[in-house]
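Novice: any chance you can model this:
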Amino acid sequence: MIASARGARAWLALAALLAAGALLAPLWPTPSLDWQPGIAWTQPWRWWTAAFVHWSRWHLIANLAGVALVAALGVAAAVTARAALAWAIAWPLTQLGLLLKPELVHYGGLSGVLHAGVAVAGWQVARHGRGAQRAVGGLLLAGLAAKVLLESPWGPALRHPSDWDIAIAPMAHACGAVAGLLMALACELAGSRRHSPDDR
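Specialist: Take a look at the predicted model:
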């Protein structure tokens, strides 16, 4: 695939924003930022700021590493500006999807949004790659789907892995993956209908 300078810049800028928000979030009280379904409509900034909240130092470190990996994945996938837009739109939709789990009364973390980024980048490669690249994109999407399904997002709202110092919310991962894929499709269809020139 041909590298997309505009797309890569937009993708990296979004990754930098996510990382910066996570690093700066401790300056504000967590209850004013995290996802709380009971006040999601009256305080809609939480659709974005919930991603910045982290419940432990290791939670933050792991997600910052995840941001770096998804940033690199997007560059390797030669994302377009539309792909970066899809990831940006999937960000708040990931949190809104948590309304499917109202028992998840508090949520914070980047993992859902990172799953969205992987879905967008995977679609980019599967749809626009050449030859074996498309197979790699398909495998990436299949691996993401398998991970989400194995986490049983329809089960309990929280899981407590023995090797992790906080609980995880499988539904957030599922919502991110679905939001990312749907927005990748929607942005591509919107661009095709406008018959706009290549945004690379």
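Novice: for this structure, what's the longest helix?
Specialist: Determined from DSSP state H, the single longest helix within the chain is helix 170-194.
Novice: who does that one touch, helix- and strand-wise?
Specialist: Taking 3 or more CB pairs under 8 Å, 6 or more residues apart in numbering; DSSP states H and E as contact, the helices and strands that helix 170-194 lies on are helix 81-96, helix 111-128, helix 132-150. Just so you know, the C-beta spots here come from the backbone N, C-alpha and C atoms, and that holds for glycine as well.
Novice: looking at the ones you listed, which is closest to Trp55?
Specialist: Taking CB to CB as the criterion, Trp55 comes closest to helix 111-128 out of these, the separation being 11.5 Å.
Novice: report the distance from the closest one to the chain centre.
Specialist: 8 Å (CA atoms, centre = their mean, to the nearest Å).
Novice: next, the angle from that helix to helix 132-150.
Specialist: With axes from the mean of the first three to the mean of the last three CA atoms, to 10 degrees applied, the angle from helix 111-128 to helix 132-150 works out at 150 degrees.
Novice: let me see the backbone angles for Tyr107.
Specialist: Main-chain torsions, Tyr107, degrees, to the nearest 10: phi -150, psi 140.
Novice: how far away is the nearest residue to it once chain neighbours are set aside from Arg127?
Specialist: Once its chain neighbours are removed from consideration, Tyr107 has its nearest residue in Trp35; the separation is 3.9 Å (CB to CB, 6 or more residues apart in numbering). Taking CB to CB, to the nearest Å as the measure, Trp35 falls 31 Å from Arg127.
Novice: picking that back up, need the pLDDT of the residue nearest to Tyr107.
Specialist: Note on Trp35: pLDDT of 97.
Novice: could you do Pro197 as well?
Specialist: As summarised for this prediction, Pro197 has a pLDDT of 50.
Novice: buried ones in the helix or strand bottoming out on mean pLDDT in the chain, by neighbour count?
Specialist: For the chain, counting by mean pLDDT, DSSP states H and E, helix 170-194 ranks last in confidence among helices and strands (a mean of 91). Within helix 170-194, the residues that qualify as buried are 170-184, 187-188, 191, counting by 16 or more other CB atoms under 10 Å.
Novice: same thing with stretch 24-35?
Specialist: Neighbour-count burial for stretch 24-35 [16+ other CB under 10 Å]: 25, 33-35.
Novice: quick check: the farthest pair among those?
Specialist: Pairwise distances across the buried residues of stretch 24-35 peak at 12.7 Å for Ala25 and Trp35 (criterion: CB to CB).
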